[in-house]
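Here is a sequence with its predicted model. Questions after.
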There are 2 protein chains.
Amino acid sequence: MLFIELDRTHERTYAKQIYVQIRKKIISGLLKAGDRLPSTRELSKGLGVARNTVLTAYELLVSEEFVYSIPGAGFFVTTEITWEKRPIPIVNSTVASLADMVLPSDLINFDSGLPALDLFPRSKWNHAAANALNEAPSSVLGYDDPQGRPELREALSGYLKRTRGIECGPEQIIITSGTKQGLTLVAKTLLNDKSEVWIEDPTNENVKQIFSYHTDKMIPFRVDALGIQPHLFPSDRKPTLIFVTPSHQFPMGGILPIKRRLELVEFARKSGCYILEDDYDSEFTYQGLPANSLFEFDSEHVIHAGTFSKTMFPSLRVGYLVVPKKLVPSIREWKRLADHHSNSIYQLALMRFMESGALERHIRRMKKVYLSRRDQLLLLLRKCFVEKVTVYGFHAGMHIVAEFEGGSFPEETIQQLLNRGIYVVPVEKHAIVKGNHSSQIILGYASLCYDDMERGLEILKEVLEEHY
Amino acid sequence: MLFIELDRTHERTYAKQIYVQIRKKIISGLLKAGDRLPSTRELSKGLGVARNTVLTAYELLVSEEFVYSIPGAGFFVTTEITWEKRPIPIVNSTVASLADMVLPSDLINFDSGLPALDLFPRSKWNHAAANALNEAPSSVLGYDDPQGRPELREALSGYLKRTRGIECGPEQIIITSGTKQGLTLVAKTLLNDKSEVWIEDPTNENVKQIFSYHTDKMIPFRVDALGIQPHLFPSDRKPTLIFVTPSHQFPMGGILPIKRRLELVEFARKSGCYILEDDYDSEFTYQGLPANSLFEFDSEHVIHAGTFSKTMFPSLRVGYLVVPKKLVPSIREWKRLADHHSNSIYQLALMRFMESGALERHIRRMKKVYLSRRDQLLLLLRKCFVEKVTVYGFHAGMHIVAEFEGGSFPEETIQQLLNRGIYVVPVEKHAIVKGNHSSQIILGYASLCYDDMERGLEILKEVLEEHY
């Protein structure tokens, strides 16, 4: 019989206590892959709680993939999760070089864009990668097509059509080593020192850094709750490029309404500029279908950037650009000069992973997990901060923005939080015009379990209260 | 009994005929991994040739790893080679875009820098990669250290000490996605539009292209048979960077004498410039030990660039820079902006491959194969062109330069050769001052078997004769 102890005085519900204790037993290895959990009836009787309480705990474990159920047979510990085996501590540093730092792995990391890495199906990926290498002709080990393996581009073209409504041939796709590289390739192709780039404010700090190497003229446009506001564009200026994140504005989280999408595309057509659409986490939408891609509306003025960092895992370093036909030769040549091409075997493995349906299955699973984690985070925020917190951008993606009444997040506060084991990024870090977002932080939730979120928010609350 | 038919009228020796026919049977699958070949006595008796003839054929097969011998037991078909399973034809194009083209896989490709890809131990690599993923903590799947996995840098630091006499800590190593990227990172770190870069002439065309994006001032220094000539450096000018290939000048193949190495380093110290040493194929030396790395003499003015493209395989896309300590933060930050970091799992796999000794074993094996292929090429050249050919740069690496008396290689000739199924690169392609190398071509031999070399040179001879 599973040893579970309920603390009747704890403010955590019984269901949550059962969930937390079973989860710990799985992670520590006390419960092993394939082990059957006690039936809900057995356990509820043993603990003296309602059967429904046990069921709730089990369902939470199922939603996070710790456990799976076989109707009629019961609940079993899942087999596909690979647990941490030997955490490798990595040197830390100060906030001054945050952009550059590698975080220790035991930190409660609220950074955005981190998927639930412990739920990635490693054995399936190993299988795809081994088959890809075994069956590749020797020529695939040599210097390869800078644009990317034709097989992967073919698979991706089908995937983008199915999931994003994007109609593009494989010849319009360029495989990149991630979006940072994609942005650099676009910048090298389109910009010179006379070029003007219009960007959202706030926008990802890396984006600003990358473009700033290619032009001095970056004009920020403040976003509202829905995203960029094309009616604010001056009619007497012409940019070379507009950088936007319409599916889920980074970091504020707005989903750009269809009207503004059409205005954007119309503006690009009239002025003859290009739009770079960074579609970094559009796979995870929690309300209705993913919004249309701008590329769908105009394949001559829109460059669509996508990544496998969120749907697979970041250290894979594979992304892609879908580009207007006339830009292909130039972007392809810049890719060749940058790193010749991205690793071919992993490209073929990714093709197999997509073609077998494993990628889309993994995305569907993660969508459930992230939705449940988002809800947990929203509830915890409400519980900890009651009326003092306002939340933005929770309809999609892997992070939200939380605004704290009277709160502020200068460097000392962030460092103080870091010293206490939690990492959060202030929205101000990504703001171009400073001062408008000082009470807001980004809270990534996709990689965090309930316990960590709870502990993290408690520490956040204490630190904020010390400053009042 | 193995069916082998000897053609008594063929100009090919019996040994060669036996070798070719057994090789074909292995490739076609008629002879399978582990099959025992007939004993030399059996076969020599059956064919009516000297036993030594059969032994010569068998030794050739052993040197190319088609067959291995167990003393006392006989000769067996090797197990570790993965043969072509489904050649994927890739679109061809014209010479005009050679730099950009992807060659069809049935071409006899004399391009330089292509290892013997069919001899790469795939199963060992799959094993290392699967273990790397299985045993990595989840954090390794996330955004990782831009400088590269500490474990790989540690292993590499040991490897460089063992094989190149380079003393450097892991903190001085930056893992790149190949040398092209390494060059870009160095250029971004050191160059502005006032910077002067001194380069060898001829030098790899890609190198020129990469630097030309960062500066207009590139000064070529003609190499002689031994490499760059520091006594030609003007004393009244100061470059920011000198790019050299001292271990095996590309493409001419000179190995820079120690005296010039010291002069180079001395010049850098006095003028305060940096030297970028591209050590692209130094693992393969056929005479004595590999020459000293410039980094050994001065770790403050020399940047050492290395690659796994030649020792492993090109489409792996992993290389490294060993850099003076004060350049680390800046190069690391440029790497972060370029593609955040290189694929982490493959970095860990490479670490395992090195630590297990598999990499050095593979290099030792390939050194034997390449030496034998080089000798085959030299003999074939002599046989085909007798006194009309002069050969340069054969003491190291994976290619030679061949100069044909009265020959010339304009674009039409290269295209004509391409139409007849062979690909060669003229030295002129890499020349900065044009016209000095018009009768020279580069002949890469590492990836070519005897038959292909022979057929390739016969075609080359025919085409050259048509032009006389």
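Looks like it came in fine. Residues are numbered from 1 along each chain as shown, chains lettered A, B, ... in the order given.

Only C-alpha atoms from now on, for both contacts and neighbour counts.
Noted.

Residue A:275: neighbour count?
Residue A:275 sits with 27 neighbouring residues when counted by other C-alpha atoms under 10 Å in any protein chain shown.

Assign it to helix, strand or coil.
Classification of residue A:275 using DSSP: H, G, I helix; E, B strand; the rest coil returns strand.

isn't it right next to residue A:239, touching?
No: between residue A:275 and residue A:239 no contact is recorded; they are 9.7 Å apart, counting by C-alpha atoms under 8 Å.

what ranges do the helices span in chain A?
A:14-28, A:40-47, A:51-63, A:122-135, A:150-164, A:179-190, A:205-212, A:258-271, A:294-297, A:328-339, A:344-355, A:358-385, A:411-419, A:450-467 (DSSP state H).

and the longest one with helix A:450-467, angle?
By that I understand helix A:358-385. 40 degrees (axes from the mean of the first three to the mean of the last three C-alpha atoms, to 10 degrees).

The second one too?
Computed by the same axes, to 10 degrees, the angle separating helix A:40-47 from helix A:450-467 equals 50 degrees.

With the third one instead?
An angle of 90 degrees separates the directions of helix A:51-63 and helix A:450-467 when computed by the same axes, to 10 degrees.

tell me the angle helix A:51-63 makes with helix A:14-28.
Going by the same axes, to 10 degrees, helix A:51-63 makes 40 degrees with helix A:14-28.

same check, this time on the fifth one
On the basis of the same axes, to 10 degrees, helix A:150-164 is oriented at 180 degrees to helix A:14-28.

So helix A:150-164, near chain B or not?
No: Helix A:150-164 lies out of reach of chain B by C-alpha under 8 Å from any C-alpha of the partner chain, never closer than 8.9 Å.

buried set for that helix?
Using 16 or more other C-alpha atoms under 10 Å in any protein chain shown as the test for burial, helix A:150-164 gives A:150, A:152-159, A:164.

neighbouring contacts of that helix?
With contacts defined as C-alpha atoms under 8 Å, 6 or more residues apart in numbering or on different chains, helix A:150-164 is touched by A:166-171, A:173-175, A:290, A:292-293, A:347-348, A:350-351, A:354-355.

From the residues you listed, keep the buried residues only.
Buried members of these, counted by 16+ other C-alpha under 10 Å: A:166-168, A:170-171, A:173-175, A:290, A:292-293, A:347-348, A:350-351, A:354-355.

Close to chain B: what parts of the stretch 201-350 of chain A are there?
Applying C-alpha under 8 Å from any C-alpha, we find that the stretch 201-350 of chain A lies next to chain B at A:206, A:209-210, A:313-317, A:333, A:336-345.

For ChimeraX, write a command that selects the buried ones of the residues you listed.
The buried subset of those, as determined by 16+ other C-alpha under 10 Å, is captured in ChimeraX by this line:
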select /A:210,313,314,315,316,317,333,336,337,338,339,340,341,342,343,344,345
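
Same list (the helices of chain A) but as JSON lines, adding mean pLDDT.
Shown next, in JSON lines, are the helices of chain A (pLDDT from 0 to 100):
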{"stretch": "helix A:14-28", "mean pLDDT": "79"}
{"stretch": "helix A:40-47", "mean pLDDT": "88"}
{"stretch": "helix A:51-63", "mean pLDDT": "82"}
{"stretch": "helix A:122-135", "mean pLDDT": "96"}
{"stretch": "helix A:150-164", "mean pLDDT": "94"}
{"stretch": "helix A:179-190", "mean pLDDT": "97"}
{"stretch": "helix A:205-212", "mean pLDDT": "93"}
{"stretch": "helix A:258-271", "mean pLDDT": "94"}
{"stretch": "helix A:294-297", "mean pLDDT": "93"}
{"stretch": "helix A:328-339", "mean pLDDT": "96"}
{"stretch": "helix A:344-355", "mean pLDDT": "97"}
{"stretch": "helix A:358-385", "mean pLDDT": "96"}
{"stretch": "helix A:411-419", "mean pLDDT": "94"}
{"stretch": "helix A:450-467", "mean pLDDT": "94"}
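
quick check: domain ranges of chain A?
A:14-77, A:88-120+A:361-467, A:122-357 (automatic domain parsing).

Need the winner for burial among these.
Across these, averaging neighbours per residue (mean count of other C-alpha atoms under 10 Å in any protein chain shown) puts domain A:122-357 on top, at a mean of 20.

tally of neighbours for residue A:3?
Look at residue A:3: counted by other C-alpha under 10 Å, it has 10 neighbours.

Repeat that for residue A:10.
Residue A:10: 9 neighbours (other C-alpha under 10 Å).

Quick check, pLDDT for it.
With respect to pLDDT, residue A:10 scores 70.

doesn't residue A:298 make contact with residue A:323?
No: assessed by C-alpha under 8 Å, residue A:323 is found out of contact with residue A:298, at 10.6 Å.

so how far is chain B from the spatially most central residue of chain A?
The residue lying closest to the centre of chain A (C-alpha atoms, centre = their mean) is residue A:113, at 3.3 Å. Distance of residue A:113 to chain B, computed by C-alpha to the nearest C-alpha, to the nearest Å: 9 Å.

Same check on residue A:279?
Taking C-alpha to the nearest C-alpha as the measure, residue A:279 falls 17 Å from chain B.

can you pull the contacts of the closest residue to that residue other than its chain neighbours?
Spatial nearest neighbour of residue A:279, excluding adjacent residues (C-alpha to C-alpha, 6 or more residues apart in numbering or on different chains): residue A:306 at 5.3 Å. Applying C-alpha under 8 Å, 6+ apart, we find residue A:306 in contact with A:179, A:278-280, A:319-321.

Residue A:306 bridge partners, please.
Following DSSP bridges, residue A:306 is listed with bridge partners residue A:320.

confidence score at it?
So residue A:306 comes in at 97 (pLDDT).

ok, now residue A:78?
We have a pLDDT of 75 for residue A:78.

ok, now residue A:85?
For residue A:85, pLDDT reads 28.

now residue A:81
Reported pLDDT for residue A:81: 40.

With chain B as the reference, measure out to residue A:283.
Here residue A:283 is placed at a distance of 18 Å from chain B (C-alpha to the nearest C-alpha).

Leaving out chain neighbours, which residue sits closest to residue A:260?
residue A:230 (6.5 Å).

who are the neighbours in contact with that neighbour?
Residue A:230 neighbours (C-alpha under 8 Å, 6+ apart): A:260, A:263-264.
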